[in-house]
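Engineer: Structure of the sequence below:
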Amino acid sequence: MIVIPMAGLSQRFRNAGYALPKYMLDLHGRSLFERTVGSFSHYFATEPFLFIARSEADTEDFIYRETARMGISQMEIVMLSEPTLGQADTVRLGLKGARVAQDEPLTIFNIDTIRPRFRYPDRSWMMRADGYLEVMHADDPGYSFARPHEDGDERVAETAEKRVISRLASTGLYYFRRAADYEAAFEVERQVPSAPELYVAPMYNAMIAQGRDVRYFEVPVAEVLFCGTPAQYEDLLKRPDLFAEG
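Structural biologist: Have a look, this model is predicted:
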């Protein structure tokens, strides 16, 4: 299941004068929603999608329209009436609202990041991992980070939110082999939160402490487009070449 949490307040965009939620903004003829979710077009016919959003600006109808036009075959929407404690909490509430099976694999992805032509790592690699973070080389403290294990086997020794513990920064894509693992790790993070908000990346530390196999998968930074701030959005508006068809 591909899970798209989109219940944030888009406060930076509101402060910059944007009236619509950021995922409704136009980005070279398509909504940011379509650009982001379109990252997974290879899986539209095979993977179920779960969208978790707040009840604002006709969002539910917007999601139905966009996903129908994009051709997503299986999807569910969970609408939330109140702000959450952070992205990790948004996902938890969505899983509960959709009654997602405990053994369902989860791929969680930000609504304001674009991964053109995304593909999962190969199956043999995936089968080794109880969870993984997709990462790129960066050192901006605004990202989440994964510190690699000293054995050099793409295993993660520690994760951190907005604290630079390595040069492996998360792209915003997180995988858990089972929804039950996500929920158990969430409860640990909720009891002793590592940040003012509940983020997904630090949850892997609970799994690592249990001896679970958490890995990282590195991609080139050029394969990731960020649109989480007004400045990033406006930069992408100046780059139609990045969205040329074909």
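Engineer: My guess is Ala53 contacts Glu76. True?
Structural biologist: No: counting by Cβ atoms under 8 Å, Ala53 stays clear of Glu76, with 11.6 Å between them. Quick note: C-beta positions are derived from backbone N, CA and C, even for glycine.
Engineer: which one of these two has more residues nearby?
Structural biologist: Neighbours were tallied for Ala53 and for Glu76 using other Cβ atoms under 10 Å; the higher tally belongs to Ala53 (25 against 15).
Engineer: Spell out the secondary structure type for that one.
Structural biologist: strand (DSSP: H, G, I helix; E, B strand; the rest coil).
Engineer: Return the distance of it relative to Pro83.
Structural biologist: Distance of Ala53 to Pro83, given as Cβ to Cβ, to the nearest Å: 12 Å.
Engineer: now Thr90
Structural biologist: If you measure Thr90 against Pro83 using Cβ to Cβ, the figure is 9 Å.
Engineer: Once you drop chain neighbours, what's closest to the most centrally placed residue in the chain?
Structural biologist: Geometric centre of the chain, nearest residue: Phe109, 1.8 Å, by Cα atoms, centre = their mean. Here the nearest residue to Phe109 in space, its sequence neighbours aside, is Leu173; by Cβ to Cβ, 6 or more residues apart in numbering that works out to 5.1 Å.
Engineer: Likewise for Met79?
Structural biologist: Met79 sits nearest to Ser55 (Cβ to Cβ, 6+ apart), 5.1 Å away.
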